[in-house]
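Chemist: This is a predicted model, with the sequence first.
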Amino acid sequence: MPSYKLSYFKGKGRGELARLMFAAAGKEFKDERLAGEEWLAFKPKTPYGQMPVLTVDGKMINQSGAIVRFLAREFGLYGKDNMENTRCDVILETISDIGTDMIKYFFDKDETKKAEALKTLKENSLPKFLKFLTTVLEGNGNKYLVGSDLTVTDIAVFDILEWFNDAAFSDVFNDYSAIQNLVDRVKSVPNIKKYLESRPADS
């Protein structure tokens with residue numbers, strides 16, 4: 001069996017989706033959470049001077065999107081054919097788009113820009129994203145986003161929407177019960193539920 005190590009900072013960020021995928025697949029891995037001097041010592045060894053980095057049998061893979069797609073193929077969490085794989089990719093790219101707006105709100109130090117980002121998210125980006133997901137979900141029978149089984153897309157949607165548990169966004173989700181049902185379905189997957197219950201407090 002391959003040996004896996006995921007190196008990332010403490011907290012969720014760009015490493016959490018990979019952790020959730022390991023959990024969903026029931027695969028063991030070394031969850032290396034670095035900070036301070038540990039990260040500075042590791043940085044020169046990485047392919048591109050950034051994390052996350054997935055090390056598989058001594059070989060490093062960088063870029064969060066590449067890591068996620070590698071694990072999806074490795075663990076059977078992609079689609080069953082090329083079209084389903086492409087549908088997964090479309091949803092993952094859409095998540096990446098809203099992630100750009102999300103970062104502006106959660107991490108900008110300028111309060112004016114932060115307020116503008118919140119307005120954009122609540123009035124445009126997030127409703128557009130949720131409507132898109134609802135259409136995809138309804139078109140696939142309302143259980144999963146792609147195919148008949150859990151895929152990386154369902155886990156990725158759960159991961160990104162965890163960021164919006166903030167009270168500032170509570171009213172945005174009122175009209176999207178199908179998406180909330182999907183989120184509940186994902187976090188009820190036994191292996192994911194177990195991971196969430198034991199997840200470090202700094203995540």
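Modeler: Perfect, I can see it now.

Chemist: Mind listing what's buried along the lengthiest helix in the chain?
Modeler: Longest helix of the chain, by residue count under DSSP state H: helix 82-107. Buried positions in helix 82-107, judged by neighbour count with 16 or more other Cβ atoms under 10 Å: 84-85, 87-89, 91-92, 94-95, 98, 101-102, 104-105. Placement of C-beta: from N, CA and C, glycine included.

Chemist: Quick check: closest non-adjacent residue to Leu130.
Modeler: Spatially, and ignoring its direct neighbours in sequence, Leu130 is nearest to Tyr176 (4.5 Å; Cβ to Cβ, 6 or more residues apart in numbering).

Chemist: got the contact list for the residue of the chain most remote from its centre?
Modeler: The outermost residue of the chain relative to its centre, with distances by Cα atoms, centre = their mean, is Thr112 at 27.6 Å. With contact set as Cβ atoms under 8 Å, 6 or more residues apart in numbering, Thr112 has no partners.

Chemist: returning to what we had before: just checking, the residue nearest to Leu130 touches Phe132?
Modeler: No - counting by Cβ atoms under 8 Å, Tyr176 does not reach Phe132; the two are 10.7 Å apart.

Chemist: quick one: which of these two has more around it?
Modeler: Neighbours per residue (other Cβ atoms under 10 Å) separate Tyr176 from Phe132, with Tyr176 holding more: 20 against 14.

Chemist: residues touching that one, list them.
Modeler: Contacts for Tyr176 (Cβ under 8 Å, 6+ apart) come out as 130-131, 133-134.

Chemist: buried subset of those residues?
Modeler: Among the contacts of Tyr176, those buried by neighbour count (16+ other Cβ under 10 Å) are 130, 133-134.

Chemist: if I pick Met51, what's in contact with it?
Modeler: Going by Cβ under 8 Å, 6+ apart, Met51 touches 7-9, 14-15, 34, 39, 42, 62.

Chemist: State the phi and psi torsions of it.
Modeler: phi -120, psi 160 (degrees, to the nearest 10).

Chemist: re earlier: how about JSON lines for the buried ones among the contacts of Tyr176, with pLDDT, distance to Arg19 and secondary structure added?
Modeler: As requested, those are arranged in JSON lines below (pLDDT from 0 to 100; distance: Cβ to Cβ, whole Å; DSSP: H, G, I helix; E, B strand; the rest coil):
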{"residue": "Leu130", "pLDDT": "97", "distance to Arg19": "24", "secondary structure": "helix"}
{"residue": "Leu133", "pLDDT": "98", "distance to Arg19": "22", "secondary structure": "helix"}
{"residue": "Thr134", "pLDDT": "98", "distance to Arg19": "27", "secondary structure": "helix"}
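
Chemist: Report the buried residues of the one helix or strand Leu71 maps to.
Modeler: Take DSSP states H and E as the rule and Leu71 turns out to sit in helix 64-75. Neighbour-count burial for helix 64-75, counted by 16+ other Cβ under 10 Å, picks out 64, 67-72, 74.

Chemist: pLDDT added to those residues, as CSV?
Modeler: Converted to CSV, the buried residues of helix 64-75 look like this (pLDDT from 0 to 100):
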residue, pLDDT
Ser64, 96
Ile67, 99
Val68, 98
Arg69, 98
Phe70, 98
Leu71, 99
Ala72, 98
Glu74, 98
